[in-house]
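> give the three-dimensional model of this entry:
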Amino acid sequence: MTRVLKASGIVAVVLALAAVPFVYAGVHQRHGHGGGDMGPLAHLAAAQKELGLSDAQVDQIKVIMKEAHESNAQFREQLHGGIQSVISTLIKNPNDIAAAQAIIDQQTQAERQLKSNLLNAASKALNVLTPDQREKLGTMIAEHHGRFNRGLF
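As a prediction, the model looks like this:
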């Protein structure tokens, strides 16, 4: 069970860096960022042990994650309350579909840029790993995915 939890933590780090759309949306945003939880950084110690990351590698990944978080601040701000803005617009004028659509278009663009930034961060972070570490990580993710699909999580 401990190995499963460690693998899940490592998977969480990679998934967060790999531009999973839900990292900064919905429930995760309310519970995983901004509070006492460090989000993916809380799992980095498990990744360090499981993958054999050096302290230098961990430091590099932390910098990459911090930079991605900072560069996405404006997009997270833009995405926050997006549906509320659409609803408010339509409540003011139910016929103003164009204004509501413009808000949705802005949200879509912000989400796309946020994901792109996370994708670039994932690439940088994965380049910090050695080929053997990436291979081990790939195996762990495949195992996690297999367990998830079989309903073990």
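> now the element after the lowest-mean-pLDDT helix or strand in the chain, going C-ward?
The helix or strand with the lowest mean pLDDT-type score in the chain, counting by mean pLDDT, DSSP states H and E, is helix 26-32 (a mean of 35). Following helix 26-32 in sequence order, the next helix or strand is helix 44-51 (DSSP states H and E).
> so, low pLDDT: which residues of this structure?
Low-confidence segments of the chain (pLDDT under 70): 1-42, 148-153.
> state which helix of it is the longest.
For the chain, the longest helix by residue count, based on DSSP state H, is helix 97-128.
> buried stuff in that one?
100, 103, 107, 110-111, 114-115, 117-118, 120-122, 124-126, 128 (16 or more other Cβ atoms under 10 Å). The C-beta positions use only the backbone N, C-alpha and C, and glycine is treated the same way.
> so which elements touch that helix?
If contacts are counted by 3 or more Cβ pairs under 8 Å, 6 or more residues apart in numbering; DSSP states H and E, helix 97-128 sits against helix 2-17, helix 55-71, helix 73-79, helix 82-92.
> send me the very next helix or strand once past that helix as PDB with only the CA atoms.
Downstream of helix 97-128, the first helix or strand assigned by DSSP H and E is helix 131-149. The C-alpha coordinates for helix 131-149 follow below in PDB (Å, rounded to 0.1, in the frame of the first residue of the first chain):
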ATOM      1  CA  PRO A 131      16.800   8.500 -19.200                       C
ATOM      2  CA  ASP A 132      16.600   5.800 -16.600                       C
ATOM      3  CA  GLN A 133      14.500   7.900 -14.200                       C
ATOM      4  CA  ARG A 134      12.100   8.800 -17.000                       C
ATOM      5  CA  GLU A 135      11.800   5.200 -18.000                       C
ATOM      6  CA  LYS A 136      11.000   4.300 -14.300                       C
ATOM      7  CA  LEU A 137       8.600   7.100 -14.100                       C
ATOM      8  CA  GLY A 138       6.900   6.000 -17.300                       C
ATOM      9  CA  THR A 139       6.500   2.500 -15.900                       C
ATOM     10  CA  MET A 140       5.100   3.800 -12.600                       C
ATOM     11  CA  ILE A 141       2.600   6.000 -14.500                       C
ATOM     12  CA  ALA A 142       1.500   3.000 -16.700                       C
ATOM     13  CA  GLU A 143       1.000   0.900 -13.500                       C
ATOM     14  CA  HIS A 144      -1.000   3.700 -11.900                       C
ATOM     15  CA  HIS A 145      -3.100   4.100 -15.000                       C
ATOM     16  CA  GLY A 146      -3.700   0.300 -15.100                       C
ATOM     17  CA  ARG A 147      -4.800   0.300 -11.400                       C
ATOM     18  CA  PHE A 148      -7.000   3.300 -12.000                       C
ATOM     19  CA  ASN A 149      -8.700   1.700 -15.000                       C
END
